[in-house]
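>>> Dropping a prediction and its sequence here:
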There are 2 protein chains.
Amino acid sequence: MERQGFNNKSIDRIRSICEEAGIKLTHQRLEIFKELMNATDHPSAEDIHVRLQKRIPTVALDTVYRTLATFDELGITRKLHLANKRNLFDVNLTQHHHFVCDRCRKVEDIYWPDFDKATLPETVVGIGKVRSRHLELHGLCNTCLEQNKE
Amino acid sequence: MERQGFNNKSIDRIRSICEEAGIKLTHQRLEIFKELMNATDHPSAEDIHVRLQKRIPTVALDTVYRTLATFDELGITRKLHLANKRNLFDVNLTQHHHFVCDRCRKVEDIYWPDFDKATLPETVVGIGKVRSRHLELHGLCNTCLEQNKE
DNA sequence: GTCTCTGCAAACGATTTGCACTAGT
DNA sequence: ACTAGTGCAAATCGTTTGCAGAGAC
């Protein structure tokens, strides 16, 4: 369940993914990938761009957008459409869900394997074929709960 | 589970909600509320605006936005932040979840009371206090599955 | 050299905001 | 008359796109 950060295994993975998809593993793509792997939060495209600029000052924001879109298609990242305005990105591909603090907007990963295995209600069959399930819990994180007491 | 549509009980409800919140139940607000109650789908602000124009040709789109934001604060509607770009609105306040077709973007309501009652994993307690849970199922609706066969 | 990828700037689309007018109490 | 609510238009903000140059094989 632990985030691994960026390592040699990661570089092999992104290399083979790109090769398989028939796209180049460019400097920018690699660096964006690294940034994602090292992120412990759920960064937005702009977050990634800002963090990246320390190392590659010339990188453009739209390159980040394009790369993240590519990563999304390749299944490297998952786009999160939460109650914020901006989309967030998640590299954690093990099946998991999210807790969103309605006050500070912080997003935390939730693991709930029992739920992942739970049989969906029968009515769903009448609607379509489910490929993924994503649970979004809303509430207040402990930090915000503390602050509310003050 | 059935959508009720707009009726006298609804008008009493919106009237008392507005009174309690100390805001006026204006013509526009009432009509937007009616439109929401009669909607069987999950309309966007623009959808509401278009539908409304048949009855109130002068209503402005931003009034719809403002009213929907107000309704959201008052708990009359729930904003849906799905993988579409535009936010959708949902008047159905009985606890329910959503199935989103990744192809046609259609949104269907899912009821799963057993899940609503299920105890959340313990790790969540360490993160914060959960006030609501929303499950988003993704996949292909039966209509799109049919079309894919062709 | 070809062809993808990138950077730049402009475009875009949903939503928000400032302001003056309107309408209900 | 006072004040919330509205319509209009302009602004905003995240994201996308067209195009020409850059870089990889």
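Nice, thanks for sending it over.

>>> other SSEs contacting the helix or strand of chain A with the lowest mean pLDDT?
Scoring the helices and strands of chain A by mean pLDDT, DSSP states H and E places helix A:142-149 at the bottom, with a mean of 85. Packing partners of helix A:142-149 (3 or more C-beta pairs under 8 Å, 6 or more residues apart in numbering or on different chains; DSSP states H and E): strand B:128-141. All C-beta spots, glycine's among them, are computed from the backbone N, C-alpha and C.

>>> what comes up buried for the strand it packs on?
Residues of strand B:128-141 classed as buried by neighbour count (16 or more other C-beta atoms under 10 Å in any protein chain shown): B:128, B:133, B:134, B:135, B:136, B:137, B:138, B:139, B:140, B:141.

>>> Quick check: the gap between the fifth one and residue A:81.
What it means is residue B:136. 9 Å (C-beta to C-beta, to the nearest Å).

>>> which neighbours do those two share?
Taking C-beta atoms under 8 Å, 6 or more residues apart in numbering or on different chains as the contact rule, residue B:136 and residue A:81 both touch residue B:82.

>>> Show me how chain A divides into domains.
Domain assignment for chain A by automatic domain parsing gives A:8-88, A:95-149.

>>> Of the buried residues of strand B:128-141, which ones also sit close to chain A?
For chain A, the contacts drawn from the buried residues of strand B:128-141 by C-beta under 8 Å from any C-beta of the partner chain are B:128, B:133, B:134, B:135, B:136, B:137, B:138, B:139, B:140, B:141.

>>> List the contacts of the second one.
The neighbourhood of residue B:133, defined by C-beta under 8 Å, 6+ apart, consists of A:135, A:136, A:137, A:138, B:116, B:120.

>>> Show me which residues of chain A sit near DNA strand D.
A:24, A:26-27, A:44-46, A:61-62, A:65-66, A:69, A:85-87 (C-beta under 7 Å from any atom of the strand).

>>> Are any of these buried, and if so which?
In the residues of chain A next to DNA strand D, burial by neighbour count holds for A:44, A:45, A:87, counting by 16+ other C-beta under 10 Å.
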